[in-house]
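**Student:** structure, please.
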Amino acid sequence: MINDEILKLNSAGEYIEVTAEEADKLGAFEETAISEQEAIESTQTDEG
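**Tutor:** Numbers count the residues shown, from 1 in each chain. Coordinates of the predicted model:
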C-alpha cells in the first residue's frame, strides 16, 4: 500500500482495498470478546 492510499482512509466515502495483513497492521481488527473460560468463570459465585 502506498502512502496516498493510507491518506484516503480518512476520507468519507472512499473505498480502499487492503490485504488482511495491511488491515491488521492498521488496527482494523481488534478482538475484544471474552474467552469461553472467562464467560464460565463470570457465572460462578463465591457463595456456598
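**Student:** all helices of this protein, in order?
**Tutor:** 3-8, 20-25, 36-43 (DSSP state H).
**Student:** lowest-pLDDT helix or strand in the protein?
**Tutor:** In the chain, the helix or strand scored least confidently by mean pLDDT, DSSP states H and E is helix 3-8, which has a mean of 76.
**Student:** show me how far that helix is from its chain's centre.
**Tutor:** 20 Å (C-alpha atoms, centre = their mean, to the nearest Å).
**Student:** give me the contact list for that helix.
**Tutor:** Here helix 3-8 makes contact (C-beta atoms under 8 Å, 6 or more residues apart in numbering) with Glu14, Ile16, Val18, Leu26. Backbone N, C-alpha and C define where each C-beta goes, glycine included.
**Student:** any chance of those residues in CSV, with neighbour count too?
**Tutor:** Converted to CSV, the contacts of helix 3-8 look like this (neighbours: other C-beta atoms under 10 Å):
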residue, neighbour count
Glu14, 10
Ile16, 13
Val18, 15
Leu26, 12
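**Student:** and of these, the nearest to Ser35?
**Tutor:** Nearest to Ser35 out of these is Leu26 (C-beta to C-beta; 25.0 Å).
**Student:** isn't the closest one up against Val18?
**Tutor:** Yes - counting by C-beta atoms under 8 Å, Val18 is a contact partner of Leu26 at 7.2 Å.
**Student:** overlap in contacts, those two.
**Tutor:** Joint contacts of Leu26 and Val18 (C-beta under 8 Å, 6+ apart) do not exist.
**Student:** mind checking how far Thr32 is from Glu38?
**Tutor:** To Glu38, Thr32 is 12 Å away according to C-beta to C-beta, to the nearest Å.
**Student:** which ones are touching Ser42?
**Tutor:** With the criterion set at C-beta under 8 Å, 6+ apart, Ser42 makes contact with Ile34.
**Student:** and the pLDDT at it?
**Tutor:** Among the per-residue scores, Ser42 holds a pLDDT of 90.
**Student:** for Ser35, see how far away it is.
**Tutor:** Using C-beta to C-beta, Ser42 is found at 11 Å from Ser35.
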